[in-house]
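[1] Kindly return the folded structure for what I paste below:
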Amino acid sequence: MPINKHFMAPQYFPEGFATLTSVLLAGGIASAIAVTLLLSGVASSRNSLTTILSAQANALAHTCSEKALQTIHDSITYSGQGSLSIDDGSCTYTVSIGAGPARTITTSGVVSNVTRKIQVEVGALTPKIIVSSWQEVADF
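    Numbers count the residues shown, from 1 in each chain. Predicted structure coming up:
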């Protein structure tokens, strides 16, 4: 009497399970590496964007410093505030009168949520404007 194969217990081959486990493990490691690279790329892109915005804010702060110097040149007795808007950013400046001919100019350039600040010290106004200090500052 022949044995019917339908009633036989299935036979499992451990070599197949080992191969399947190895493939799944390798896939998991490859996925983890891919996710890590993707996340580091996103962080790098954010840092690049912040660097670009910072450079734009710095340029705006310098622009307002130049505008304030031009305003002082046009009116030696000027003290006050002003602002400029250029593209997606803006800057503000304040001119304060110190002792004698001394002036202090403080400017802030803002692009998106990035702010850069510059402080300019003017030592003399005549016969020409002499800048004694021009530096970026954390705060005024």
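[2] Spatially central residue for this protein, please.
    For the chain, T50 is the residue whose C-alpha lies nearest the centre (C-alpha atoms, centre = their mean; 1.3 Å).
[3] Surely I86 and T63 touch.
    Yes - at 7.0 Å, I86 and T63 qualify as touching, with contact defined as C-beta atoms under 8 Å. No exception for glycine: its C-beta is placed from N, CA and C like everyone else's.
[4] Comparing those two, which shows the higher neighbour count?
    More neighbours surround T63 than the other of I86 and T63, with 17 against 14 (other C-beta atoms under 10 Å).
[5] residue contacts, that one?
    Contact analysis of T63 by C-beta atoms under 8 Å, 6 or more residues apart in numbering lists L84, I86, C91, G109.
[6] quick one: which of those is nearest T77?
    L84 (21.7 Å; C-beta to C-beta).
[7] what's across from that closest one in the sheet?
    C91 (DSSP bridges).
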